[in-house]
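Asker: this one's structure only:
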């Protein structure tokens, strides 16, 4: 426990703080110090890709590639990565960020998404450039373990850094499995008084049926993700229209608190900045190396096109879905939300806007978000299991069983040790991934230039 706690604090804790006026401060964690400068660097090198290429992201999303039989398209990898990006972080995480850092945290989430969008482009394009045939599931596979191997392990059977990335990913996704089921079971118990064992068994059985059937994950997510994302967005738009008279004051509050103009919460500017940045990084996963595991599977006409899909995925996750949660919360009376925390806070806000049906909707939405996240991370695990253990289906099956067991255990009890292990996993993934993509980024930039000249 002491070792885990030490590594966790090293990755996520504040390495140092800068004092600010009025007693506030800004703390910088190792991951923030890695991801934010790298994101700024990639944004500059791509000539502000998230803004410059946004119309192109919309265009390719409307004109989908037709993948060959047995493969998946670039648009389907966007759906797949969105399934894992859009999850509890977009609900409970946003609520936590606003609770700790005030409304200003929303603004810094937006900035983090724009920066992270460039990072997502680089890592996804590299995954496409170094993808390979998948003899187990058909189509293609790849991700950080594969492009790390090409850079650091050329001529070798395995790369130590690539193996470390793959192991970190498998640990992370095991921990995430527990968090998913625990959030689902606790929210269903609070909303419907359903015992955790019942909701957990249903979640595990449903997931198992889909995972056992070959290549059914993408087909299921193709249906679930658009429905859940569009429904949540529509609900948020309704809330905004219903409370349009107070929307200007909420927007003013976001910008004022973002820069500490109005010290509503303890910590002011520092709290708003760091809570928004950390939550944005955690939610959109840009730089962690997760989404490239999906990007590599695409059968696309150009590697940079897949990079643009994944860049767009960060915008969907943080600027659209996270903002939906923020608006649902900020457009509810603050005195009504006083004293509530986590999912309970969001349920109270939804009940204010929609009555009892709002609680049902947000609980079911959390279930869909969590369910799709679990299916998505098991897809990510495929290529990493193969890199470590080779092309044997038995190892894929063992990991699926392990993840389902973690899903079951997490629904019945909270194990912070395992959750911290998951956070350590994603932190180590990020470090190993960034070690590779910074020196390899020139290849992604060259691909972007070729795409821009020839599209």
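Answerer: All right, it came through fine. The shown structure was predicted, so the numbers you read here are calculated from the model rather than taken from an experiment. Numbering: from 1, shown residues only.

Asker: show me the contacts for residue 164.
Answerer: Shown in contact with residue 164 (C-beta atoms under 8 Å, 6 or more residues apart in numbering): 428, 432. For every residue, glycine as well, the C-beta is placed using N, CA and C.

Asker: Can you report phi and psi for it?
Answerer: Main-chain torsions, residue 164, degrees, to the nearest 10: phi -60, psi -40.

Asker: got it, and residue 131?
Answerer: Main-chain dihedrals, residue 131, degrees, to the nearest 10: phi -70, psi 160.

Asker: Now do the SS call for residue 358.
Answerer: helix (DSSP: H, G, I helix; E, B strand; the rest coil).

Asker: Please work out how many residues are found near it.
Answerer: 20 (other C-beta atoms under 10 Å).

Asker: Which pLDDT does the model give it?
Answerer: In this model, residue 358 is scored at 85, pLDDT.

Asker: can you pull out the helices in the stretch 251-400 of the chain?
Answerer: For the stretch 251-400 of the chain, the helices defined by DSSP state H, counting those that start in this stretch occupy 268-284, 292-295, 303-314, 322-330, 334-337, 342-354, 356-389, 393-412.

Asker: on contacts alone, who are the packing partners of the fourth one?
Answerer: Spelled out, that is helix 322-330. Packing partners of helix 322-330 (3 or more C-beta pairs under 8 Å, 6 or more residues apart in numbering; DSSP states H and E): helix 94-101, helix 104-129, helix 216-242, helix 247-258, helix 268-284, helix 342-354.

Asker: Mean pLDDT lowest where, among the ones you listed?
Answerer: Looking at the helices and strands packed on helix 322-330, the bottom one is helix 268-284 with a mean of 62.

Asker: The helices of the stretch 251-400 of the chain: which one's closest to residue 161?
Answerer: helix 356-389 (11.6 Å; C-beta to C-beta).

Asker: now the closest one: how far from the chain's centre is it?
Answerer: Remark: helix 356-389 is offset 11 Å from the chain centroid, using C-alpha atoms, centre = their mean, to the nearest Å.

Asker: Geometric centre of the protein: which residue is closest?
Answerer: Nearest to the geometric centre of the chain sits residue 85, at 2.8 Å (C-alpha atoms, centre = their mean).

Asker: residues contacting it?
Answerer: 283, 284, 285, 291, 313, 314, 316, 317.

Asker: Can you select the buried ones among those residues for me in ChimeraX?
Answerer: The ChimeraX selection below is limited to those of the contacts of residue 85 classed as buried (16 or more other C-beta atoms under 10 Å):
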select :283,284,285,291,313,314,316,317
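
Asker: Help me confirm that residue 157 is found in a helix?
Answerer: No. Counting by three-state DSSP, residue 157 is not found in a helix; it is coil.

Asker: Just give the number of residues close to it.
Answerer: So residue 157, with other C-beta under 10 Å, has 6 neighbours.

Asker: Can you say which of the helices and strands packed on helix 322-330 is packed in most?
Answerer: helix 104-129 (a mean of 28; mean count of other C-beta atoms under 10 Å).

Asker: starting at the chain centroid, how far to that helix?
Answerer: Centre-to-centre, helix 104-129 and its host chain are 11 Å apart (C-alpha atoms, centre = their mean).

Asker: now it against helix 247-258, angle please.
Answerer: Put simply, helix 104-129 runs at 80 degrees to helix 247-258, going by axes from the mean of the first three to the mean of the last three C-alpha atoms, to 10 degrees.
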